[in-house]
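Asker: pasted the sequence and its predicted model underneath.
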Amino acid sequence: MTHEGGTIYRLDVSGTLHKADLEPWQRVLATEAAHLGSIRLLVVLRNFNGWSDSSDWTDMEFYQTHGHRIERIAIVGDAQWREQALMFIGAGLRPAVVDFFVPGALSQARHWLEH
């Protein structure tokens, strides 16, 4: 995870995503959101293979405790992951506005996050 400036944080995800992979990010994001009041996320899926098969994904503690502090989420990835990524991130179920962008639109995703 990298701080892109202001309230924007970038998460680069590759390979197969496991719940344990998210936990360090969630701790940092919770701390930053508490300090800044709210944050915006840029999630970049590169060489992404999907999510692990695990019952760990049912743990919603981070979402329930800190979800209201996330203003916008831009996901950049191959179009094949669009529906699954939007469902995974809870688009339409969380207060944050979420949008999906293809890899060639990374600068557009950044611009969308900033406004």
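Answerer: Noted; the coordinates are in hand.

Asker: quick one, grab the pLDDT at residue 55.
Answerer: For residue 55, the model assigns a pLDDT of 63.

Asker: can you check residue 95 too?
Answerer: Residue 95 is assigned a predicted lDDT (pLDDT) of 88.

Asker: mean pLDDT per helix and strand in the protein: which one sits at the bottom?
Answerer: When the helices and strands of the chain are compared on mean pLDDT, DSSP states H and E, helix 61-66 comes out lowest with a mean of 79.

Asker: which element follows that helix toward the C-terminus?
Answerer: Toward the C-terminus, helix 61-66 is succeeded by strand 70-76 as the next helix or strand (DSSP states H and E).

Asker: what residues sit buried inside the next helix or strand after that following strand?
Answerer: Secondary structure here is assigned by DSSP H and E; on that basis, the next helix or strand after strand 70-76 toward the C-terminus is helix 82-89. By neighbour count with 16 or more other C-beta atoms under 10 Å, helix 82-89 contains the buried residues 85, 86, 89. Using the backbone N, CA and C atoms, a C-beta is placed for each residue, glycine as well.

Asker: out of those residues, who's nearest residue 52?
Answerer: residue 85 (14.8 Å; C-beta to C-beta).

Asker: contacts only, for the closest one.
Answerer: The contact partners of residue 85, taken as C-beta atoms under 8 Å, 6 or more residues apart in numbering, are 43, 45, 75, 77, 100.

Asker: which strand runs longest in the protein?
Answerer: The longest strand of the chain (DSSP state E) is strand 39-51.

Asker: please name the residues that touch the most centrally placed residue in the chain.
Answerer: Among the residues of the chain, residue 43 comes closest to the average C-alpha position under C-alpha atoms, centre = their mean, at 4.6 Å. Taking C-beta under 8 Å, 6+ apart, we find residue 43 in contact with 10, 11, 13, 73, 74, 75, 76, 77, 85, 89.
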